[in-house]
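Asks: Mind looking at a prediction? Sequence and model below.
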Amino acid sequence: MLLGHKQGLLLRYTIPPVGEVYREYEKAIDNLTINEEYRLKNKMKQLESEKSQIELLEIKHFRQMQEVRKELEPLLELKSTLIKEGILKELSN
């Protein structure tokens, strides 16, 4: 047998499942690829994902600001009423 393996190589080494080997290969594709296309596609996917996250955060922020304005509106009306009645003085800059 090869290299002194009398009982064969299969009994000495574990063979990982194909899926596991491919997942490890995927991690190295960028470093193994000469063509920039794959790297650029991955970068584009990453940027699109980040853009989507930013858009979701903007929507969330907008909704929060609407809620704050809705809560603030009665207070501003009260302030205006108190100033008109002379109970509260308006601050000057």
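Replies: Sure thing, it's come through. Numbers count the residues shown, from 1 in each chain.

Asks: hmm, who's touching the worst-scoring helix or strand of the chain on mean pLDDT?
Replies: Using mean pLDDT, DSSP states H and E, helix 18-32 stands out as the lowest-scoring helix or strand of the chain, at a mean of 89. If you take CB atoms under 8 Å, 6 or more residues apart in numbering as the criterion, helix 18-32 is touched by 38-39, 42. (C-beta placed from N, C-alpha, C; glycine too.)

Asks: Output those as CSV; include the columns pLDDT, secondary structure and distance to A28.
Replies: Below are the contacts of helix 18-32 laid out as CSV (pLDDT from 0 to 100; DSSP: H, G, I helix; E, B strand; the rest coil; distance: CB to CB, whole Å):
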residue, pLDDT, secondary structure, distance to A28
Y38, 83, helix, 12
R39, 85, helix, 12
N42, 87, helix, 13
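
Asks: between those residues, which is closest to M65?
Replies: N42 (34.8 Å; CB to CB).

Asks: The contacts of helix 18-32 into a markdown table, with extra columns for neighbour count and distance to Y22?
Replies: Compiled in a markdown table, these are given as follows (neighbours: other CB atoms under 10 Å; distance: CB to CB, whole Å):
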| residue | neighbour count | distance to Y22 |
| --- | --- | --- |
| Y38 | 13 | 15 |
| R39 | 13 | 19 |
| N42 | 12 | 16 |
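
Asks: and the gap between Q53 and L40?
Replies: Q53 sits 20 Å away from L40, going by CB to CB, to the nearest Å.

Asks: oh, I was asking about V21
Replies: 26 Å.

Asks: how about the helices in the protein?
Replies: 18-32, 36-84 (DSSP state H).

Asks: Can you flag the weakest of those by average pLDDT?
Replies: Out of the helices of the chain, helix 18-32 stands lowest, with a mean of 89 (criterion: mean pLDDT).

Asks: how far off helix 36-84 does it point, in degrees?
Replies: 90 degrees (axes from the mean of the first three to the mean of the last three CA atoms, to 10 degrees).

Asks: Span of stretch 79-89 from start to end?
Replies: 9 Å (CA to CA, to the nearest Å).
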